[in-house]
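# Sequence and predicted structure are below.
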Number of protein chains: 2
Amino acid sequence: MGTSEGWLIPTAKALRVTSTTRVGELDTNGTPGFEGGKSLGARLLEERGAVLSELQEKLFACARTTDEHRSVLLVLQGMDTAGKGGVVRHVIGHVDPQGVDHASFGVPTPEEKRHHYLWRVRRELPRKGQLGVFDRSHYEDVLVVRVHDLVPRTEWEARYDEINAFERDLVDSGTTLVKVAMFVSLDEQKARLAERLDRPDKYWKYNPGDVTERGFWPRYQEAYQAMLDRTSTEHAPWFVVPSDRKWYTRLAVTELLIDALERLELSWPPADFDVEAEKLRLARS
Amino acid sequence: MGTSEGWLIPTAKALRVTSTTRVGELDTNGTPGFEGGKSLGARLLEERGAVLSELQEKLFACARTTDEHRSVLLVLQGMDTAGKGGVVRHVIGHVDPQGVDHASFGVPTPEEKRHHYLWRVRRELPRKGQLGVFDRSHYEDVLVVRVHDLVPRTEWEARYDEINAFERDLVDSGTTLVKVAMFVSLDEQKARLAERLDRPDKYWKYNPGDVTERGFWPRYQEAYQAMLDRTSTEHAPWFVVPSDRKWYTRLAVTELLIDALERLELSWPPADFDVEAEKLRLARS
């Protein structure tokens, strides 16, 4: 875990949830650990995006040459307009599309509702060598479900432990989880929703239900707090990313992914053939 | 179908297969229809990549607001080192990852072998609103299969008509096919394979079988010729892209995709809510 240009401390250290993290007291406009501004952040996003891309290619290459399962799964959670889609486009967009397994989880379909809530999640887990991205995830089942009592309390209460066990299994089978909780302020959310109403090319992103959900803000904060308290584990910790400044969010997530990939200590796979002999064969072909 | 900067005629017109296309006589080093060089090509790739990205977002947006199925499927075929992976990274890499459904088709797995050859293809068709990418495809079943007699002749002979019917169904159900056949010269392929043997970070891309396949070059040319002759249809024509110059290949495929998307004449979906009323609701929230 190194400290990159512009960062006072490693990003993962600056953002990792602690026992004193309070959702209601977050500075959503802050840039924890980073000492630069938007222009440095934008430059670093490009540079570090290229580093991320190469690390992912190494993961992909290793998967082609061993039976071992290794993959990385980015889990994005946040209120509407927090910028999850922007992370997908501007962070994951640096990575070769063939190395990305992307899934988004909206309101469950009728078929999904007939199954256990983890059913649709298991189907979308990243294949080996892939960078998986969940735009929302199984955590919806302890967030919106809890806020609106979509199942009885005893049922969602049991899910925290169940999710921890599920993620423990994932980690044991070779998937590194990078769980990112993104937080915007009520005011910033209002500004972003207003933009969608001002631009006809953004209408499709607007949903009247988003305004309705604003009325449940305190209950969502409570649900997010419980999620962080109960599912940030040693094997799969949460990172809390202030998200009023899009450039910071994107740079921070890039660094978190780089950190996760560097910890795998990947090398380019050695040749499983005789290089010199192949050079001769090729020359003669 | 317009003519873009740098192009003397529309790309789709310059590259579309005709009854006189001869695989053995292609100038794989050529840049048909384009009057600029590498530096103009590189600049245009960025500019046109942004256009492609916005068109794909419009397709995605429309899919969110109608039940109509519309998608675009890029089919990439070409010998090893033709640059299929480079197209995925550098062309599709411009598009929002959430809008891309990527699949690659290698040697069939034991499970795939137990099914009809189109089975694995059907499973990977793009969802509505998505840009699908096939890195190799069902055409392997009339290329490598034909060259090596992996099934009896009567069986692969029947596949041309079957593929045409399959693609006819796809088009009828709203998928626009963009079929790209990429051709490198034997010499350029040798140079690209040699590079993989010179760079330890490329060993994983090298497969001794690729050299073996070079011995079958005339038979592959014959198989490609038959593929173009028999499966380039009005509803799903083939485009032949000379691929010795990577910058040209990538720019040409970008233009072909833009052309396909522009033909859909997409508009941003209108609001399905009362914009002014929502502005008020939001302001009060």
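Sure, I can see it. Residues are numbered from 1 along each chain as shown, chains lettered A, B, ... in the order given.
# who in the stretch 51-200 of chain A is up against chain B?
Residues of the stretch 51-200 of chain A found near chain B (C-beta under 8 Å from any C-beta of the partner chain) are A:61, A:64-65, A:85, A:88-89, A:92-93, A:95-98, A:100, A:102, A:104, A:133, A:135, A:190, A:193-194, A:197, A:200. For every residue, glycine as well, the C-beta is placed using N, CA and C.
# Would you show me how to pick out the buried ones of those residues in PyMOL?
Applying 16 or more other C-beta atoms under 10 Å in any protein chain shown to those, the buried members can be selected in PyMOL as follows:
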select buried, chain A and resi 61+88+89+92+93+95+96+97+98+100+102+133+135+190+193+197
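# Of the residues of the stretch 51-200 of chain A next to chain B, which belong to helices?
Judged by DSSP state H, those include A:A61, A:R64, A:T65, A:G85, A:V88, A:R89, A:K190, A:L193, A:A194, A:L197 as members of helices.
# got the contact list for the host helix or strand of A:R281?
Following DSSP states H and E, the helix or strand that holds A:R281 is helix A:275-284. Outside of helix A:275-284, the residues within contact range by C-beta atoms under 8 Å, 6 or more residues apart in numbering or on different chains are B:K190, B:L193, B:A194, B:L197, B:Y203, B:Y206, B:P208, B:V211.
# A:G83 versus the first one, what's the distance?
Okay, so that is B:K190. Note on B:K190: its distance to A:G83, by C-beta to C-beta, to the nearest Å, is 47 Å.
# Can you tell me the closest non-neighbouring residue to A:G78?
A:M182 (3.3 Å; C-beta to C-beta, 6 or more residues apart in numbering or on different chains).
# same deal with A:I163?
Closest to A:I163 by C-beta to C-beta, 6+ apart is A:T231, at 5.5 Å.
# starting at the chain centroid, how far to the helix holding A:R281?
The chain centroid and the centroid of helix A:275-284 are separated by 44 Å under C-alpha atoms, centre = their mean, to the nearest Å.
# quick one: the strands in the stretch 1-150 of chain A?
Assigned by DSSP state E, counting those that start in this stretch, the stretch 1-150 of chain A shows strands spanning A:71-78, A:100-104, A:131-135.
# Each with direction, which strands does the second one pair with?
Sheet pairing for strand A:100-104, assigned by DSSP bridges, gives strand A:131-135 (parallel).
# got the contact list for A:R250?
Listed by C-beta under 8 Å, 6+ apart, the contact set of A:R250 reads A:G41, A:L45, A:G83, A:G86, A:V87, A:H90, A:V91.
# hang on, the second one packs against A:H90?
Yes: look at A:L45 against A:H90 with C-beta atoms under 8 Å: they come within range, at 7.0 Å.
# Give me the neighbour count for A:E234.
Around A:E234 there are 7 other residues, counting by other C-beta atoms under 10 Å in any protein chain shown.
# my bad, should have said A:A226
A:A226 has 17 nearby residues by other C-beta under 10 Å.
# Kindly report the same for A:T20.
For A:T20, the tally of surrounding residues (other C-beta under 10 Å) stands at 6.
# And A:A252, by the same measure?
By the measure other C-beta under 10 Å, the count of residues near A:A252 is 31.
# Excluding chain neighbours, what is closest to it?
Nearest residue to A:A252, sequence neighbours excluded (C-beta to C-beta, 6+ apart): A:V241, at 5.1 Å.
# Likewise for A:F273?
Closest residue to A:F273 apart from its sequence neighbours, by C-beta to C-beta, 6+ apart: B:P208 at 5.2 Å.
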